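Trainee: got a sequence here, can you build the structure:
(chains A and B)
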Amino acid sequence: GQSLEQPSEVTAVEGAIVQINCTYQTSGFYGLSWYQQHDGGAPTFLSYNALDGLEETGRFSSFLSRSDSYGYLLLQELQMKDSASYFCAASDTGRRALTFGSGTRLQVQP
Amino acid sequence: DSGVTQTPKHLITATGQRVTLRCSPRSGDLSVYWYQQSLDQGLQFLIQYYNGEERAKGNILERFSAQQFPDLHSELNLSSLELGDSALYFCASSVDGNTIYFGEGSWLTVV
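Mentor: Numbers count the residues shown, from 1 in each chain, chains lettered A, B, ... in the order given. Coordinates of the predicted model:
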């Protein structure tokens, strides 16, 4: 099985940078992905890492370190619309369902 | 728009009843997943199908069942409903199992 831990809440101001960490304990770990979910909405895919290192997609970047069983999502130039919950999720080598962390609620303040 | 379609969007039903939630995956995706999300909770994996066959099972109650049809659409059947089953039920699909795309969800309220 797999379990992922991430902080429950993070608060930051507009224009700032915030990092949301995720640590995982897994068997057969394959990759780590990140999803954004606004209240009442569907989770939407943000980023995926299968290899160690940084993946950049616009204002969002994601990092993975397999040796540390750790990853993070970096959000730059925060905007009010970034206020949402962010979930890390692990995939396994058997291509079975993603296991999600409990989510980090990000509140962006003016 | 993720390309995953779920119906109905909202459903209110009484305890003890049975409902069926329907999902059409993205074109070309063979894997379908069902997740449950209760208020302020995370995404709990229920079950996965791949090309019509059950692939993985999560925390799915015995009162719940699912299937994937030859045209790849899937249905989640919830029976003997209890108040605690009130939740948002998501269907998702994937082609590679690493990135999954969620539908807009079906809001189930049991009264």
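Trainee: please count neighbours and contacts with C-alpha atoms only from this point.
Mentor: Noted.
Trainee: surely B:Ser106 meets B:Ser86?
Mentor: No - taking C-alpha atoms under 8 Å as the definition, B:Ser106 is not a contact partner of B:Ser86, at 10.4 Å.
Trainee: pLDDT below threshold where in the chain?
Mentor: Reading this off chain A. A:1, A:95 (pLDDT under 70).
Trainee: that answer is for a different chain, and I need it for chain B
Mentor: In chain B, residues with pLDDT under 70: B:40.
Trainee: the residue nearest the centre of it and B:Arg55: what is the separation?
Mentor: Note on chain B: the residue nearest the mean C-alpha position is B:Trp34, at 3.5 Å, using C-alpha atoms, centre = their mean. With distances taken as C-alpha to C-alpha, to the nearest Å, B:Trp34 is found 12 Å from B:Arg55.
Trainee: overlap in contacts, these two.
Mentor: B:Ile47, B:Gln48 (C-alpha atoms under 8 Å, 6 or more residues apart in numbering or on different chains).
Trainee: OK, contacts around residue 41?
Mentor: In the absence of a named chain, chain A is used. B:Glu104, B:Gly105.
Trainee: that was the other one, I meant chain B.
Mentor: Applying C-alpha under 8 Å, 6+ apart, the residues contacting B:Gln41 are A:Ser102.
Trainee: so it: helix, strand or coil?
Mentor: coil (DSSP: H, G, I helix; E, B strand; the rest coil).
Trainee: show me where chain A has strands.
Mentor: A:2-5, A:9-13, A:18-26, A:29-37, A:44-49, A:53-57, A:60-65, A:70-75, A:84-92, A:99-100, A:104-109 (DSSP state E).
Trainee: close enough to count as contact, B:Tyr49 and B:Phe69?
Mentor: No - in this structure, B:Tyr49 is not within contact of B:Phe69 by C-alpha under 8 Å, at 9.8 Å.
Trainee: name the nearest residue to residue 84, ignoring sequence neighbours.
Mentor: Just going to use chain A. A:His38 (4.7 Å; C-alpha to C-alpha, 6 or more residues apart in numbering or on different chains).
Trainee: was after chain B, sorry
Mentor: Nearest one to B:Gly84, counting by C-alpha to C-alpha, 6+ apart, is B:Val110 at 7.8 Å.
Trainee: what does chain B put close to chain A?
Mentor: Applying C-alpha under 8 Å from any C-alpha of the partner chain, we find that chain B lies next to chain A at B:33, B:41-45, B:47-48, B:55-56, B:90, B:96-105.
Trainee: quick one, which of the residues you listed are buried?
Mentor: Neighbour-count burial (16 or more other C-alpha atoms under 10 Å in any protein chain shown) applied to the residues of chain B next to chain A gives B:33, B:42-45, B:47-48, B:55-56, B:90, B:97-105.
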